[in-house]
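Peer 1: next input, structure requested:
(one chain, ligands or ions: 1)
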Amino acid sequence: MRTLYARIFAITIAIMFASSLIAFVATNVYYHVHLKPINDQKVTHIIQNTVSIYEQSAHQDIDEYLSTLTDLGYQFYLVDQKGNERFFGNPFRIVNLDQTHIERVLDGEVYHGIANYPWRLFITGFFSNELKNTVGVPIEVDGETHALFTRQDTVQQFGEMRRFLAVLLVVILVLSFVLVIISTRFIVNPVKKLTAATKKIAAGNYHLKLDLNRRDEIGRLANHFSKMADSLRRTEEKRQDFVSNVSHEIQSPLTSIQGFSKALREEDLPENLRQHYLAIIERESKRLSALGKQLLTLSFLESDVDKKSWTRCDIESQLEDVVSTTEWQWREKRLTVEMDTEPFTVWGDPKLLQQVWMNLVSNAIRYTEAGGTVTIRTRRDKEGGVAVSVTDTGIGIAAEETEQIFERFYKVDKARTRTEKSTGLGLSIVKKIVEWHDGTIMVESEPGKGSTFEVVLPHHT
Ligand code: ADP
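Peer 2: So this is what the prediction gives:
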């Protein structure tokens, strides 16, 4: 089936037919088990009354009497000792009564053909117009015993009723068809809209107008769908931002490298200028290479990497290494570096953790004016992990920017950082590494007074 519409329609029709069939069989079973004996009793009672009324008024003509009764909705079969038979009322469809039953009735027994009518799955005994399906009693006619068999004439008794039920059934069926067709639209249309929405998303259009007011499953689906579209839109925007930032970061050092290498071609360039240009080219290419490394680290952290490289890391000695590696930078700026640390070990990737301390300490040095102080502390936190803080007395960060500094390529002072070899990737890498180690990073800062970055790494057993 090609469409959901056709599928729902076909399923509903199939259900309707299946339930009609099951209902028919169930009512048939109900007739055979429960109603058949009751019906037999009722007919027996009626025919016995009929016989006793006839026998008490001896002058009546039996033919006339029975013919009158057929108008009340009964059919009769009368047979005498010699086998002369007469039918009254509508004819029986099948005349199939055994001679033995007739003889027994002639001998004075009552024949319960309705109660003993055999059970068949698709035949309702009630409507079976057979001579076998009757009640038979003996009757005295002109001093001679006859056998009288009778059953309700269902066509006569329930003719209108049957038509009434047939009309009811047809109306129910037609109405059901129409209503199924209409109601299917309510299910299919939102699905069609969602399909159209997926096509839009595939074509890069994330602005969807979906009916989010429905509270059912389809409403929820539409809701999740529009959230998904939103998050795809944001991811796409971030991706575009990222690409343009990367291109920009690559473009500017390349432009200066090109410019200065061209200038170096001039033959009468004084030696000191040549050295200066070469130094710039070296610095810019170092910068490019650092950017490449940072991007590689980011993509490594974003891929679903395993933690095979993890070992025990001695945090105190890592911090000491960072202080000595950056010594020429902080000495050059006449900064004081204080260390207030204890021996701690954590479980993690040593190179990446080293990079966290390196980035934090370099930032502290870079954003602190000459004569300032950088303090590195460690302490055990409440849960047994280690908290490492790097405090400076530098320029600080405005409160509204403390969240954004962890975003990729975010720089507070674009003009200043441009000249200071900064890429805006350092803290986003720090955050990713810390989170990869199940840790947290916090910043407290006051513009003009300084900042404290604190990394808490959990205690892994
Ligand atoms: P960058 O390479 O520019 O230093 P980061 O991601 O490390 O990139 O830092 C993002 C921005 O956060 C920096 O541009 C700077 O403005 C601000 N910042 C980072 N550390 C400090 C600090 N210790 N003091 C003041 N500002 C800081």
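Peer 1: residue 377 in helix, strand or coil?
Peer 2: Assigned by DSSP: H, G, I helix; E, B strand; the rest coil, the conformation of residue 377 is strand.
Peer 1: doesn't residue 386 make contact with it?
Peer 2: No - the pair residue 377 / residue 386 is not scored as a contact, 10.7 Å apart, by C-beta atoms under 8 Å. (Each C-beta comes from the backbone N, C-alpha and C, glycine too.)
Peer 1: can you pick out the residue with more neighbours from those two?
Peer 2: Each of residue 377 and residue 386 has its neighbours counted (other C-beta atoms under 10 Å); residue 386 has more, 21 against 17.
Peer 1: once you drop chain neighbours, what's closest to the more buried one?
Peer 2: Closest residue to residue 386 apart from its sequence neighbours, by C-beta to C-beta, 6 or more residues apart in numbering: residue 344 at 4.4 Å.
Peer 1: return the distance of that neighbour relative to residue 314.
Peer 2: Remark: distance between residue 344 and residue 314 (C-beta to C-beta, to the nearest Å) = 8 Å.
Peer 1: of those two, who's got more company?
Peer 2: Neighbours were counted for residue 344 and for residue 314 using other C-beta under 10 Å; residue 344 has more, 21 against 14.
Peer 1: can you give me the strands in this protein?
Peer 2: Using DSSP state E, the strands of the chain run over 74-79, 85-88, 111-112, 135-141, 144-152, 311-314, 336-340, 345-348, 373-380, 386-392, 440-446, 450-457.
Peer 1: TSV for those, including distance to residue 402?
Peer 2: Formatted as TSV, these follow (distance: least, C-beta to C-beta, whole Å):
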stretch	distance to residue 402
strand 74-79	99
strand 85-88	106
strand 111-112	97
strand 135-141	99
strand 144-152	93
strand 311-314	27
strand 336-340	24
strand 345-348	25
strand 373-380	19
strand 386-392	14
strand 440-446	5
strand 450-457	9
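Peer 1: between these, which one is closest to the ligand.
Peer 2: Taking C-beta to the nearest ligand atom, strand 450-457 is the member of those nearest to the ligand, at 4.3 Å.
Peer 1: so which elements touch the closest one?
Peer 2: helix 350-366, strand 386-392, helix 426-436, strand 440-446 (3 or more C-beta pairs under 8 Å, 6 or more residues apart in numbering; DSSP states H and E).
Peer 1: and if we set it to 7 Å?
Peer 2: The helices and strands touching strand 450-457, judged by 3 or more C-beta pairs under 7 Å, 6 or more residues apart in numbering; DSSP states H and E, are strand 386-392, strand 440-446.
Peer 1: direction included, what does the last one pair up with?
Peer 2: If I follow you right, that is strand 440-446. Its sheet considered, strand 440-446 pairs with strand 450-457 (antiparallel) by DSSP bridges.
Peer 1: now the angle from the strand it pairs with to helix 350-366?
Peer 2: 170 degrees (axes from the mean of the first three to the mean of the last three C-alpha atoms, to 10 degrees).
Peer 1: looking at strand 450-457 now, give me its mean pLDDT.
Peer 2: When pLDDT is averaged along strand 450-457, the result is 96.
Peer 1: repeat that for stretch 391-408.
Peer 2: 93.
Peer 1: please apply the same query to stretch 55-75.
Peer 2: For stretch 55-75, the mean per-residue pLDDT is 87.
Peer 1: from the ligand, how far off is the residue nearest to residue 154 when sequence neighbours are not counted?
Peer 2: Using C-beta to C-beta, 6+ apart and skipping the chain neighbours, the partner closest in space to residue 154 is residue 127 (5.3 Å). Using C-beta to the nearest ligand atom, to the nearest Å, one gets 89 Å for the distance from residue 127 to the ligand.
Peer 1: can I assume residue 127 is in contact with residue 153?
Peer 2: No - Residue 127 is not in contact with residue 153 according to C-beta atoms under 7 Å; the separation is 10.9 Å.
Peer 1: looking at these two, which is more packed in?
Peer 2: residue 153 (20 against 13).
Peer 1: next up, phi/psi of the more buried one, please.
Peer 2: Backbone torsions of residue 153, given as degrees, to the nearest 10, read phi -90, psi 100.
Peer 1: per-residue confidence for it?
Peer 2: Each residue has a pLDDT score; the one for residue 153 is 88.
Peer 1: thought it was touching residue 72?
Peer 2: No - between residue 153 and residue 72 there is no contact under C-beta under 7 Å: 9.0 Å.
Peer 1: the residue lying closest to residue 95 once chain neighbours are set aside: what's it in contact with?
Peer 2: Leaving aside its sequence neighbours, residue 95 sits nearest to residue 131 (C-beta to C-beta, 6+ apart; 4.8 Å). Taking C-beta atoms under 7 Å, 6 or more residues apart in numbering, we find residue 131 in contact with 77, 92, 94-97, 149.
Peer 1: what residues does the stretch 301-450 of the chain have near the ligand?
Peer 2: 359, 363-364, 367, 392, 394-397, 405, 410-413, 417, 422-428 (C-beta under 6 Å from any ligand atom).
Peer 1: neighbours of residue 183, how many?
Peer 2: When counting by other C-beta under 10 Å, one arrives at 12 neighbours for residue 183.
Peer 1: which residues are in contact with residue 55?
Peer 2: Contacts of residue 55 by C-beta under 7 Å, 6+ apart are residue 140.
Peer 1: can you tell me how far it sits from residue 244?
Peer 2: 113 Å.
Peer 1: ok, back up a step: list the contacts of the residue nearest to residue 386.
Peer 2: 315-316, 378, 386.
Peer 1: dump those into a markdown table; add pLDDT and distance to residue 260 as well.
Peer 2: Shown next, in a markdown table, are those (pLDDT from 0 to 100; distance: C-beta to C-beta, whole Å):
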| residue | pLDDT | distance to residue 260 |
| --- | --- | --- |
| 315 | 95 | 42 |
| 316 | 95 | 43 |
| 378 | 96 | 44 |
| 386 | 94 | 46 |
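Peer 1: quick one: residue 385 and residue 460 touch, right?
Peer 2: No - taking C-beta under 7 Å as the definition, residue 385 is not a contact partner of residue 460, at 8.7 Å.
Peer 1: no more questions from me, cheers.
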